[in-house]
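Student: Everything below, folded, please.
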Amino acid sequence: MTEEDHMATVHLLRRVSVEFGLRQAEFAARHGMHPTDVRALVCLLDAARSDTPATAGWLGSQLGLNSAGTTALIDRLEGLGHLTRTRDARDRRRVLLAVTASAVERGQEFFGRPLARMTELLGTFDRREAAAVRRFLLEAHTALTEK
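Tutor: Numbers count the residues shown, from 1 in each chain. Next up is the predicted model:
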């Protein structure tokens, strides 16, 4: 592949990323949220999948928000019924955040079809192809998050 082919792939990834952002903004607008609220819910869902304890401090660092901004976001999402706060059973001083089942359901209603299409498409790839896609995306993420 040429450098031009590589850049075409990078530009395609950017297009996909922009589309995800537009769909997130549309979802946010439909449900009376700010786009950052949707990013927060995605972070919390990812934390749950990876068994990462999601605290306010953790969420703020994921989103690049200060303490006041994080508190306002959490209060807003809790008020909308999208998030719960519970005391950590192992450390009662710590409060853990989680996405509610109704928020997950709303997300599935909105994003379920395109996500299902993507997983179906991945199902047509052989193991090597799927591993290559995953490796590229992981390394692309690393390239974007390195300071």
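Student: Neighbours of the residue nearest to R87 when sequence neighbours are not counted, how many?
Tutor: Counting by CB to CB, 6 or more residues apart in numbering, the nearest residue to R87 once its immediate chain neighbours are dropped is V95, at 6.1 Å. Glycine gets a C-beta too; all of them are placed from N, C-alpha and C. For V95, the neighbour count with other CB atoms under 10 Å is 15.
Student: do L83 as well
Tutor: By other CB under 10 Å, 23 other residues sit near L83.
Student: ok, the nearest residue to it once chain neighbours are set aside - contacts?
Tutor: Nearest residue to L83 in three dimensions, chain neighbours excluded: L77, at 3.9 Å (CB to CB, 6+ apart). Going by CB atoms under 8 Å, 6 or more residues apart in numbering, L77 touches M33, D37, A40, L41, L83.
Student: ok now stretch 118-130, how far from the chain's centre?
Tutor: 21 Å (CA atoms, centre = their mean, to the nearest Å).
Student: Equivalent analysis for stretch 59-75, please.
Tutor: A distance of 15 Å separates the centroid of the chain from that of stretch 59-75, by CA atoms, centre = their mean.
Student: And stretch 127-146, by the same measure?
Tutor: 16 Å.
Student: Please report the distance of the residue nearest to L83 from G21.
Tutor: Look at L77 and G21: by CB to CB, to the nearest Å, they are 19 Å apart.
Student: burial of Q62, as a residue count?
Tutor: Number of residues near Q62 (other CB under 10 Å) recorded here: 18.
Student: Which element, helix or strand, includes it?
Tutor: helix 56-63 (DSSP states H and E).
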